[in-house]
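**Q** Got a sequence here, can you model it:
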Amino acid sequence: MEAAQLMTRKTPCSEPLPDLEVPMINAIVTCLGSEHKKLSSLINRLALIASRPVDGQTATAANRDALEIWEEIRRSLWSHLQIEDELVYSWGESKHAFSASLLTALSGEREQMRKLLADLPEVASNQEPQILTEHRATLLALTAILDSHVERYDGEVLPAIRRALFHR
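**A** Purely as a prediction, here's the structure:
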């Protein structure tokens, strides 16, 4: 009889598993926060390169550096945003952890990111594109929105998630 009660209580689809939910969400939030620190460093480096004027002598090196940094950001960005959308934000929304204004801001931020990302090229490894010359404004706009994303996450989303986790 005790085994039957344990089985019904632990059915994942019928109800949340409170014993696992808090550490799981906390671990995901912590991991995303760590990724934000790395992303913030990359954003700052890309913004610095994209905001500097380049001439004929420095253009090749600056383009190569910008492309390397952009590729590093791009490799992790989609999965990072998907994890935030599907796990953190959907959980926070279901627990009413976020204000309506924060949800609106997050949605607008995501839409801006998608538009800017669509403007940047997929670069084949054998190409040497002039990413700074052709996409400087997009890179600067993207660095600004990503920086805002990191700030909002650290300053609003993370505290809201932690409050919802630990104030049940």
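**Q** any idea which helix is longest in the protein?
**A** Ordering each helix of the chain by length in residues (DSSP state H) puts helix 18-51 first.
**Q** on contacts alone, who are the packing partners of that one?
**A** helix 59-83, helix 131-152, helix 158-166 (3 or more C-beta pairs under 8 Å, 6 or more residues apart in numbering; DSSP states H and E). The way it works is simple: take the backbone N, C-alpha and C, and place the C-beta from them, glycine included.
**Q** now the angle from it to helix 131-152?
**A** Using axes from the mean of the first three to the mean of the last three C-alpha atoms, to 10 degrees, the direction of helix 18-51 lies 140 degrees away from that of helix 131-152.
**Q** Rounded mean pLDDT for helix 18-51, please.
**A** For helix 18-51, mean pLDDT rounds to 86.
**Q** What is the neighbour count of the closest residue to residue 29 other than its chain neighbours?
**A** In space, and not counting its chain neighbours, residue 29 is closest to residue 161: 5.2 Å by C-beta to C-beta, 6 or more residues apart in numbering. Residue 161: 23 surrounding residues under other C-beta atoms under 10 Å.
**Q** surely residue 161 meets residue 92?
**A** Yes. The pair residue 161 / residue 92 is scored as a contact, 5.4 Å apart, by C-beta atoms under 8 Å.
**Q** Any stretches of the protein with poor pLDDT?
**A** Residue ranges of the chain with pLDDT under 70: 1-18, 121-130, 132, 168.
**Q** Please give the element, helix or strand, for residue 117.
**A** Using DSSP states H and E, residue 117 sits within helix 100-119.
**Q** For that helix, name the packing helices and strands.
**A** With contacts taken as 3+ C-beta pairs under 8 Å, 6+ apart, helix 100-119 sits against helix 59-83, helix 131-152.
**Q** Pick the most deeply packed of those helices.
**A** For those, the largest average neighbour count (mean count of other C-beta atoms under 10 Å) is found in helix 131-152, namely a mean of 18.
**Q** Using PDB, write out every CA atom in that helix.
**A** Coordinates of the C-alpha atoms in helix 131-152 are reproduced here as PDB (Å, rounded to 0.1, in the frame of the first residue of the first chain):
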ATOM      1  CA  ILE A 131      30.900  42.200 -40.800                       C
ATOM      2  CA  LEU A 132      31.900  45.500 -39.300                       C
ATOM      3  CA  THR A 133      31.500  47.400 -42.500                       C
ATOM      4  CA  GLU A 134      28.200  45.800 -43.500                       C
ATOM      5  CA  HIS A 135      26.600  45.200 -40.200                       C
ATOM      6  CA  ARG A 136      28.100  47.600 -37.700                       C
ATOM      7  CA  ALA A 137      24.800  49.200 -36.800                       C
ATOM      8  CA  THR A 138      23.100  45.800 -36.300                       C
ATOM      9  CA  LEU A 139      26.000  44.600 -34.100                       C
ATOM     10  CA  LEU A 140      25.800  47.700 -31.900                       C
ATOM     11  CA  ALA A 141      22.000  47.500 -31.600                       C
ATOM     12  CA  LEU A 142      22.300  43.800 -30.700                       C
ATOM     13  CA  THR A 143      25.000  44.400 -28.100                       C
ATOM     14  CA  ALA A 144      22.700  47.100 -26.600                       C
ATOM     15  CA  ILE A 145      19.700  44.700 -26.400                       C
ATOM     16  CA  LEU A 146      21.800  41.800 -25.100                       C
ATOM     17  CA  ASP A 147      23.300  44.100 -22.400                       C
ATOM     18  CA  SER A 148      19.800  45.200 -21.500                       C
ATOM     19  CA  HIS A 149      18.700  41.500 -21.400                       C
ATOM     20  CA  VAL A 150      21.500  40.600 -19.000                       C
ATOM     21  CA  GLU A 151      20.700  43.600 -16.700                       C
ATOM     22  CA  ARG A 152      17.000  42.800 -16.700                       C
END
